[in-house]
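*Asks:* need coordinates for the below:
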Amino acid sequence: MTEENKNAAEQPQTEPETKAQPSEMPAGFKFLIGRKMGMTQMFDAAGELFAVSVIQAGPCRVMYTRTPEKDGYKAICLGFGHMTEKNVNAARMGIFKKLDIKPVRKFKEFRVEDISGVQAGQTASLTARFAAGEYVDLQGVSKGKGFAGGMKRYNFRGGPASHGASDRERAPGSIGSRRSLGRVLPGQRMAGHMGVDTVSMQKIKVIKIIPEENIMLVNGSVPGAAGSLVYITKTVKKTPKPLVLVPKKGKQAAAKAAPKKPAAPAKK
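*Replies:* Next comes the predicted model:
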């Protein structure tokens with residue numbers, strides 16, 4: 001063993017510095033970014049069957065906040081997913097180096113009324129925000145279907161198949177060519193591109209949460225193909241109150257509660 005190796009072996013080894021874990025964003029901010037995984041079915045505790053969509057929701061990171069003094073509005077920007085460093089532009093790379101995190105693929109701003117308690121670099125996990133039985137609003141991009149005719153796009157009934165019409169079965173019909181303006185008005189429903197629309201679905205019930213895998217199972221279908229991004233927010237609709245079992249009142253309950261009369265003695 002050389003003298004340098006001997007000295008290095010005698011020196012005490014220092015333990016690597018552990019990176020501090022980021023704090024959790026306040027649970028009152030109920031929104032997340034997720035990824036649609038697909039659909040399946042499941043039974044609940046009462047034995048009822050549900051068709052559910054599987055969403056991998058978070059964990060997300062707070063990338064930055066918007067303030068009225070600097071930006072004119074209040075918002076929280078969450079980041080979700082990962083991407084390779086060679087595809088990141090300089091502006092985004094500055095954010096990642098400032099937060100000391102790997103490059104994030106998707107940024108999404110959520111408008112809020114108050115951003116107190118929120119700081120860049122915090123994490124937003126699923127279990128701290130949503131629970132089974134709650135209702136959420138989901139927003140995604142629908143599947144693209146290419147160029148489609150009026151029957152597929154707007155459910156037109158088509159033309160007759162007889163009475164002299166041999167090629168009008170899937171035609172949209174008249175579009176008002178003889179009206180006074182002499183032209184087709186903007187917005188007329190005709191053939192065109194179908195799909196790839198931003199679709200929002202409201203008041204969707206959360207059936208189950210799997211915290212180990214950040215999985216959320218929601219009732220019914222979710223817009224978009226498997227692998228597409230979904231924005232999850234607390235529903236703005238009025239939600240039903242939880243069922244509470246109340247004891248029966250009235251004559252039936254009083255009759256059940258009243259002691260039974262003793263049986264009359266038998267006549268001799």
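*Asks:* tell me how far G140 lies from G117.
*Replies:* Distance of G140 to G117, given as CB to CB, to the nearest Å: 29 Å. All C-beta spots, glycine's among them, are computed from the backbone N, C-alpha and C.
*Asks:* more crowded one of these two?
*Replies:* G140 (23 against 11; other CB atoms under 10 Å).
*Asks:* pLDDT weak spots in this protein?
*Replies:* Within the chain, the stretches with pLDDT under 70 are 1-19, 177-179, 242-268.
*Asks:* please enumerate the helices of it.
*Replies:* 3-10, 90-99, 150-154, 251-257 (DSSP state H).
*Asks:* identify the bridge partners of L49.
*Replies:* Beta bridges link L49 to F43 when assigned by DSSP bridges.
*Asks:* just checking, it touches Q41?
*Replies:* Yes. If you go by CB atoms under 8 Å, L49 and Q41 touch, sitting 6.1 Å apart.
*Asks:* isn't I33 right up against L78?
*Replies:* Yes. With contact defined as CB under 8 Å, I33 reaches L78; the gap is 5.5 Å.
*Asks:* can you list residues touching both of these two?
*Replies:* Taking CB atoms under 8 Å, 6 or more residues apart in numbering as the contact rule, I33 and L78 both touch C60, K108.
*Asks:* neighbours of M42, how many?
*Replies:* For M42, using other CB under 10 Å, the count is 13.
*Asks:* can you check E109 too?
*Replies:* By other CB under 10 Å, 15 other residues sit near E109.
*Asks:* residues contacting it?
*Replies:* E109 neighbours (CB under 8 Å, 6+ apart): R66, A75, I76, C77.
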